[in-house]
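[1] sequence unknown, structure follows:
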Ligand SMILES: NC(=O)c1ccc[n+]([C@@H]2O[C@H](COP(=O)([O-])OP(=O)(O)OC[C@H]3O[C@@H](n4cnc5c(N)ncnc54)[C@H](OP(=O)(O)O)[C@@H]3O)[C@@H](O)[C@H]2O)c1
């Protein structure tokens, strides 16, 4: 059975950049997102450039059966997933009460349920082989509530907590899990999807390259939570010395996602 890296959210932004980097390292890939045309174009490019096998599995991860369908897609093709990168995710900014219910459900499905379900489905075979890594793309926003991004920050807190607990459960099994917690990344698609005026963000906005380096770090080392930049580490560290209410207010101010900040 060939070893593969499965990447969700690979049709654009950070997931696409991670896919290109993993293919460059010689890893065979399974790419998941809704946009099948973009995945096919990327797959053709990566096969041609790096001679790796790239399988495309277009699915909408907000649909309840999607994670199981992705798992079956791999089973039917005898694809052994040794690295699972849960990168698909999106944000919606503005007052929580104005968030349409369908968006709330969709975000919960993509940012939380799909991450947990895919992990749960692929873990048993990793445990059986005593090898495997799950990389979850969380966010710096997962360390506190962010006014104007209430639901998004809550979903990323779920990912951080799930990752920490799972890392404890997996200790000594040969299988690892880590979460990458970046601050804002330079990616217009993410902000336009979120309705986020990025000119209001007052913290540094990093390039997707910092996340790629963080993935490499996570795959090579033993960290459970990875803060990609020194600014991200500083933000997390200083939380210890600042009253919680102020931490949350500052997070809202820095993000510029809420009218009242
Ligand atoms: N951008 C930032 O500032 C930032 C900061 C911290 C963390 N993050 C996290 O980084 C990850 C990647 O974000 P990004 O910046 O690369 O955003 P992006 O460019 O908008 O990419 C999001 C990816 O998720 C996929 N996706 C969205 N909804 C989906 C669904 N229902 N089913 C399947 N796939 C879906 C999209 O593909 P399709 O549209 O083709 O489905 C796309 O490939 C996310 O988890 C995000 O929360 C982003």
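    Everything's here; your move. Just so you know, these numbers come straight off a predicted model, no measurement behind them.

[2] So which residues on this protein come close to the ligand?
    Contact residues, the chain versus the ligand (CB under 6 Å from any ligand atom): 9-15, 33-35, 60-62, 87-90, 110, 137, 139, 182, 184-185, 187, 189-190, 193. From N, CA and C alone the C-beta is placed, and that goes for glycine too.

[3] what about residue 178, which SS state?
    strand (DSSP: H, G, I helix; E, B strand; the rest coil).

[4] Let me know the pLDDT of it.
    Residue 178 is assigned a pLDDT of 98 by the prediction.

[5] wouldn't it be in contact with residue 162 here?
    No - between residue 178 and residue 162 there is no contact under CB atoms under 8 Å: 11.7 Å.

[6] shared neighbours of those two, anything?
    Residues touching both residue 178 and residue 162 by CB atoms under 8 Å, 6 or more residues apart in numbering: residue 136.

[7] Have a look at those two and say which one is more surrounded.
    residue 178 (25 against 20; other CB atoms under 10 Å).

[8] so what's that one bridging to?
    Assessed by DSSP bridges, residue 178 has beta-bridge partners residue 135.

[9] For it, give me its contacts.
    So residue 178 contacts 133, 134, 135, 136, 163, 167, 218, 223, 224, 225, 226 (CB under 8 Å, 6+ apart).

[10] cutoff 10 Å now
    Counting by CB atoms under 10 Å, 6 or more residues apart in numbering, residue 178 touches 133-136, 138, 163-164, 166-167, 214-215, 217-219, 221-226.

[11] Narrow those to those that are buried.
    Buried subset of the contacts of residue 178 (neighbour count, 16 or more other CB atoms under 10 Å): 133-136, 138, 163, 166-167, 214-215, 218-219, 224-226.

[12] How are the helices of the stretch 101-250 of the chain distributed by residue range?
    For the stretch 101-250 of the chain, helices defined by DSSP state H, counting those that start in this stretch occupy the ranges 101-108, 114-129, 150-170, 188-194, 208-220, 230-238, 244-255.

[13] for the third one, packing partners?
    Secondary structure elements in contact with helix 150-170, counted by 3 or more CB pairs under 10 Å, 6 or more residues apart in numbering; DSSP states H and E, are strand 80-86, helix 101-108, helix 114-129, strand 132-137, strand 175-180, strand 225-226, helix 244-255.

[14] how much does that helix deviate in direction from helix 114-129?
    10 degrees (axes from the mean of the first three to the mean of the last three CA atoms, to 10 degrees).

[15] And helix 150-170, how far out from the chain middle?
    What separates the centre of helix 150-170 from the centre of its chain is 11 Å, taken as CA atoms, centre = their mean, to the nearest Å.

[16] I'd guessed residue 152 sits against residue 140; true?
    No - using CB atoms under 10 Å, residue 152 is not in contact with residue 140; the gap is 11.6 Å.

[17] show me the residues around the nearest residue to residue 105 once chain neighbours are set aside that make contact.
    Excluding the flanking residues, the one nearest residue 105 by CB to CB, 6 or more residues apart in numbering is residue 62, at 7.5 Å. Counting by CB under 10 Å, 6+ apart, residue 62 touches 34, 88, 90, 102-103, 105-111, 113-114.
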